[in-house]
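A.B. asks: sequence plus the predicted model coming up.
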Amino acid sequence: MVEGHIRGLSQYYSNGLERMEIWIDKKHASSLPCQNNQRIPITLMIGEKNFVTGLRSTPDNDYVWICPDLKDTLGRKSCSLAQALLSNDFQKNQKVKLVFDGNIARIEPISEIEVPDKSRKIADHCKIVLDLANAKLSEEFFYNSLALCVIDAVFSLGISYTATRNVVKNFCSKLKIKMFRHHGSKYPKIESQFSMEALLSLYQNHSFEELADIIFKNHNRTSPRNGILKSEAVFRFASVLHTFGVNYFQDIPLVIESSNFESSIKKIPGQSSGLSTKYFYMLAGGEDFIKPDRMIIRFVESVIQEKVDSDKTSSLILDALTILKKEFPALTPRMLDHEIWKYQQNL
């Protein structure tokens, strides 16, 4: 048995249904019938039906995944994985069990009994102190351009969010570009976005110091010792994205959880923790991510009364979400993270 995670791809079928895959951490996939750069046929049992699909893996990703489109056992196109999962009461962002027998896999829900006690405590505490029935993302999750997500993700580490917001406001005001799209809306049209190429072009005629002074109006560095100006870190982050072909929100699937992309970002001074990358994904629309920064870690530690690192924090929060989704089915990892962050900020 291995644990899987139902993930939305932010891509949609013509009927409006979001494409979904089931991701399995490679650390737990050694016994599975998968090979890099190949689609291995498997039979997937969902509820009472059997489907034929594929198990895929690439060197660039830290997970293997069950493909989003299904066929019946005669090889005819049947339905989408998303449709089959939703019809059997599975949901996006849900953790599930996958029981493999060779090339046959059965998907099962994880019961509350299987959730660790520490995560139960976190879920119970969340119900008490958070207004999960009215959970709502703040406006920074609806920037009008992907370039603004880069600026926010880089500058937000180590400084107050008010200071970060001012940096983004300064940038938009100086260049006379729109800061936010309508709250809750999907990605804006490409022609209305300030592209990654446009962001990089600003660096052709100005030094990092000049941009920090006249556009960002912030001279913070990525770390007190041997750190670089965050204006330079923005350039490096945007350059990596451009190298991977990312210019607009619509290009985000090219880099989401790509190990090559993430390792490239971690080489930027001050970005080695990976927090800015996770936060960038979240700002860019990724519902399935948690940014286990000091705020989130403090919340978890206060509940379970022990020290935890960022990986353990993420795991405990996701397990708690398994319980919370029964009462709050629309709750996502990103939304829960944000509600915890808002709570901690107001303490």
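C.D. replies: Cool, the structure landed. Keep in mind it's a predicted model, so treat the numbers as computed, not measured.
A.B. asks: would Thr277 count as being in a helix?
C.D. replies: Yes: checked against DSSP: H, G, I helix; E, B strand; the rest coil, Thr277 lies within a helix.
A.B. asks: I figured it was touching Glu262, is that so?
C.D. replies: Yes: contact status for Thr277 versus Glu262: in contact at 5.4 Å, counting by Cβ atoms under 8 Å. No exception for glycine: its C-beta is placed from N, CA and C like everyone else's.
A.B. asks: and these two? which has more neighbours close in?
C.D. replies: When neighbours are counted by other Cβ atoms under 10 Å, Thr277 comes out ahead of the other of Thr277 and Glu262, with 24 against 20.
A.B. asks: wait, what's in contact with the more buried one?
C.D. replies: By Cβ atoms under 8 Å, 6 or more residues apart in numbering, the contact set of Thr277 is Ala153, Phe261, Glu262, Ile265, Lys266, Gln271.
A.B. asks: tell me which entries of those residues lie within helices.
C.D. replies: Ala153, Phe261, Glu262, Ile265, Lys266 (DSSP state H).
A.B. asks: and those residues as a markdown table, adding pLDDT and distance to Phe328?
C.D. replies: Supplementary listing: those in a markdown table, determined by pLDDT from 0 to 100; distance: Cβ to Cβ, whole Å:
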| residue | pLDDT | distance to Phe328 |
| --- | --- | --- |
| Ala153 | 97 | 27 |
| Phe261 | 93 | 32 |
| Glu262 | 93 | 30 |
| Ile265 | 96 | 32 |
| Lys266 | 95 | 34 |
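A.B. asks: now list the buried members of those residues.
C.D. replies: Ala153, Phe261, Glu262, Ile265 (16 or more other Cβ atoms under 10 Å).
A.B. asks: quick one: the helices in the stretch 51-200 of the chain, in order.
C.D. replies: Ranges of helices in the stretch 51-200 of the chain, per DSSP state H, counting those that start in this stretch, are 81-87, 117-129, 146-155, 161-175, 196-201.
A.B. asks: helices and strands around the shortest one, which ones?
C.D. replies: In this structure, helix 196-201 packs against helix 146-155, helix 230-243, with contacts taken as 3 or more Cβ pairs under 8 Å, 6 or more residues apart in numbering; DSSP states H and E.
A.B. asks: would you format those helices as TSV with distance to Leu347 included?
C.D. replies: Formatted as TSV, those follow (distance: least, Cβ to Cβ, whole Å):
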stretch	distance to Leu347
helix 146-155	23
helix 230-243	27
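A.B. asks: comparing these, which comes out most buried?
C.D. replies: helix 146-155 (a mean of 26; mean count of other Cβ atoms under 10 Å).
A.B. asks: contact partners of that one?
C.D. replies: Counting by Cβ under 8 Å, 6+ apart, 140, 143, 163-164, 167-168, 171-172, 179, 193-196, 198-199, 216, 218, 220, 222, 230, 233-234, 237-238, 241, 246-249, 251-252, 271, 276-277, 279-280, 283-284 sit against helix 146-155.
A.B. asks: make a PyMOL selection of whichever of those turn out to be buried.
C.D. replies: Command for PyMOL that selects the buried part of the contacts of helix 146-155, burial taken from 16+ other Cβ under 10 Å:
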select buried, resi 140+143+164+167+168+171+172+179+193+194+195+196+199+216+218+220+222+230+233+234+237+238+241+246+247+248+249+251+252+271+276+277+279+280+283+284
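A.B. asks: send the alpha carbons of stretch 230-244 over as CSV?
C.D. replies: Only the C-alpha atoms of stretch 230-244 are listed here, as CSV (Å, rounded to 0.1, in the frame of the first residue of the first chain):
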residue,chain,number,x,y,z
LYS,A,230,16.2,41.1,-3.4
SER,A,231,15.9,43.2,-6.6
GLU,A,232,18.7,40.9,-8.0
ALA,A,233,16.9,37.8,-6.6
VAL,A,234,13.8,38.7,-8.5
PHE,A,235,15.9,39.0,-11.7
ARG,A,236,17.4,35.5,-11.1
PHE,A,237,14.0,34.0,-10.2
ALA,A,238,12.4,35.5,-13.3
SER,A,239,15.4,34.4,-15.5
VAL,A,240,14.9,30.8,-14.4
LEU,A,241,11.2,30.9,-15.2
HIS,A,242,12.0,32.4,-18.6
THR,A,243,14.5,29.6,-19.3
PHE,A,244,11.8,27.1,-18.6
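A.B. asks: contacting residues for Ser119?
C.D. replies: Contacts of Ser119 (Cβ under 8 Å, 6+ apart): Leu316, Ile317, Asp319, Ala320, Thr322, Ile323.
A.B. asks: switch the cut-off to 10 Å
C.D. replies: Counting by Cβ atoms under 10 Å, 6 or more residues apart in numbering, Ser119 makes contact with 112, 300, 303-304, 315-324.
A.B. asks: for Ile290, see how far away it is.
C.D. replies: 13 Å (Cβ to Cβ, to the nearest Å).
A.B. asks: how about Lys266?
C.D. replies: 18 Å.
A.B. asks: A strand includes Leu9, no?
C.D. replies: Yes: assigned with three-state DSSP, Leu9 falls within a strand.
A.B. asks: just give the nearest non-adjacent residue to it, would you?
C.D. replies: Arg19 (4.4 Å; Cβ to Cβ, 6 or more residues apart in numbering).
A.B. asks: and that neighbour, how many neighbours?
C.D. replies: 18.
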